[in-house]
Structure formats: C-alpha cells, structure tokens
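Undergrad: I need the structure of the sequence given here:
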Amino acid sequence: MKNIDKVITMMRQSQRSLDVGGWHKPINGATHVLDINDYETRLSGQAQDYGEPERFIKDTWIQIDICDRKPWPFPENYFDFVCCSHVLEDIRDPIWVVSEMSRVARAGYIECPSAASELLIKQPLLTRRMLQRTTGVIGCAHHRWLVEFKPEESLVVFRFKLHDLMENQRVVKFSEFHHVNYENFSSWLFWENQIQAKEEIFDIGEWIDSLVLPQSKRLTSFNPIQRISEKFSNIVDTSHQNKYRQPNHGERCKYPYI
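TA: Residues are numbered from 1 along each chain as shown. Next up is the predicted model:
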C-alpha cells in the first residue's frame, strides 16, 4: 500500500474503522473487517501493520460476499474511515462496493493498480521467460477492471479489462517500449463525505494515447534474445530468434512477448 503510514494512523485514530477485503493483508488498526473468507484463516502474518495489536475481533469480522447486492450490516455513516486496497480491480461488482463504502463511512481510502501498470508486461525476468518459452502477461491476469480515479469529482471509473488485451497490437507496442517503476505502480484516492463510481466503455487505443507516463522510458537497441544467446548459446535455441525478436519501428509482430 502506497500511503500505508497515513492510512494506518487514520484507521487507529478512528473510533470505528473498516477494512474491506482485508483477509489477505489485514490492517490490525481496523475495528471491523469485511471479507468472503473467515476470521480463523486470515493471514495475520502479512498484516499491513504487523506487530501492532488487532483491534478487530471475531465478532467484528463479518464474513460476507461484498458484491451480492445486499446492504452491508451497518447503518449510514457508521464508520469514521474505511480502507479498500487492491480489491476493486478483482471483484465482479466494484460499483456496488464503492456505493456501500460511501454509505457506511464518512471518509476513506481506495488504492488499485495504476492504468500504466495494467498495460505493461508484469514479469520482469526475461531470461526465465525465454528459457521456459512462455509469454509475458500484461498487467495481472486475474484482474477484471482497469481503474481510474478522478479526485476532483470524487469519482472512480471502471473499464472492463478485455479478454483479448494481450493480443491488442496497441497494447503490445505500449508494453514493449515502456516500463513503470514502483512509484507509478499504484494509484489511489482519499475521499470525504461521499464517493461515486461508474463504468465506461472505451476505445483502448484512444485510452493509451491519453496516458501520461512522466517516468517512462523507451527501450531501444535492446535485443534480449541476442544478449542471452551470446552468453548461453548452449542453452538457448537461437533458431527462435526471429520468432521472439523485438519488431522494428512500425512493424507488426505475431509473437511480441520477449
């Protein structure tokens, strides 16, 4: 979580605070947790504030499907603060979840993978990928949504992550010639009073054109197959070099993942 210190402080200072989807990396400073998994199996060893005492107890760990379109078991503005980190991109109905967070809390924090990180090949180990003859994965394969925050409108925009994203040539070109560092890997939003959400249908090419990556870098004159094969010629079959080589400028490549 990017703003972990600030979020933990706000959770602990709140009389009542809620961690939505907190089973994997719970926040011990939360008084309540909502998750589809049960209390006993929580990964307490991976807590965001590991070492701090848990404020939530078994009775305040609510095991429910947060997307089932049933109001959460809390009245309006029951919580001072709610946190939902790296959850919305995974679930089937994030718009409902955002609406319920807005209903039961007076303020909160949401974090998701950034648009750029979802459009870039995630696996950095070029050597292993080439030796195993596997393709790269753009973003995370289990994510359902591309998420954008609009702080000036207190709005979260969801765009369905198309199943053919890995075959889209605009995405392929973008992912080959840019990379994103840790600072740009996630996007987030602190909100107060209320937060809204909507879904947009979009053109992937126009959306890529609109992305701004101030710290992105263009990768030029780099052929990893050639470089690896020079060092490990007895391991790598160079007959596949044309199949996996990086395309020249403007060239379409049937096998783009290096």
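Undergrad: Low-confidence stretches in the stretch 151-258 of the chain?
TA: Within the stretch 151-258 of the chain, the segments meeting pLDDT under 70 span 163-183, 202-258.
Undergrad: let's see it at 80
TA: 162-185, 202-258 (pLDDT under 80).
Undergrad: now the nearest residue to residue 99 once chain neighbours are set aside: how far from residue 140?
TA: In space, not counting the residues next to it along the chain, residue 99 is nearest to residue 197; the distance is 6.7 Å by Cβ to Cβ, 6 or more residues apart in numbering. Yep, even glycine has a C-beta here, placed from its N, CA and C like the rest. Taking Cβ to Cβ, to the nearest Å as the measure, residue 197 falls 20 Å from residue 140.
Undergrad: now swap in residue 74 and tell me
TA: For residue 74, the distance to residue 140 equals 30 Å [Cβ to Cβ].
Undergrad: Repeat that for residue 157.
TA: Applying Cβ to Cβ, the value for residue 157 to residue 140 is 19 Å.
Undergrad: mind listing the strands in the stretch 1-150 of the chain by residue range?
TA: Along the stretch 1-150 of the chain, the segments classed as strands by DSSP state E, counting those that start in this stretch run 17-20, 32-35, 61-63, 81-85, 107-113, 145-150.
Undergrad: Lowest mean pLDDT across these, which one is that?
TA: Mean pLDDT is lowest for strand 145-150 among those, at a mean of 92.
Undergrad: who does that one touch, helix- and strand-wise?
TA: If contacts are counted by 3 or more Cβ pairs under 8 Å, 6 or more residues apart in numbering; DSSP states H and E, strand 145-150 sits against strand 107-113, helix 115-118, strand 155-160, strand 186-192.
Undergrad: rerun that using 7 Å as the cut-off
TA: helix 115-118, strand 155-160 (3 or more Cβ pairs under 7 Å, 6 or more residues apart in numbering; DSSP states H and E).
Undergrad: Among residue 74 and residue 140, which residue is more densely surrounded?
TA: residue 74 (18 against 15; other Cβ atoms under 10 Å).
Undergrad: which ones are touching that one?
TA: Counting by Cβ atoms under 7 Å, 6 or more residues apart in numbering, residue 74 touches residue 104.
Undergrad: switch to 10 Å and redo it
TA: 16, 18, 32, 34, 62, 82, 100, 103, 104, 105 (Cβ atoms under 10 Å, 6 or more residues apart in numbering).
Undergrad: likewise residue 88?
TA: 20-21, 94-95, 97-98, 101, 110-113, 143-145, 147, 156, 158, 197.
Undergrad: What's the ChimeraX line that selects buried ones from these?
TA: This is the ChimeraX syntax for the buried subset of those, where burial follows 16 or more other Cβ atoms under 10 Å:
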select :20,21,94,95,97,98,101,110,111,112,113,143,145,147,156,158,197
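Undergrad: picking that back up, could you single out the most deeply buried of the strands of the stretch 1-150 of the chain?
TA: Using mean count of other Cβ atoms under 10 Å, the stretch among the strands of the stretch 1-150 of the chain with the largest mean neighbour count is strand 17-20, at a mean of 28.
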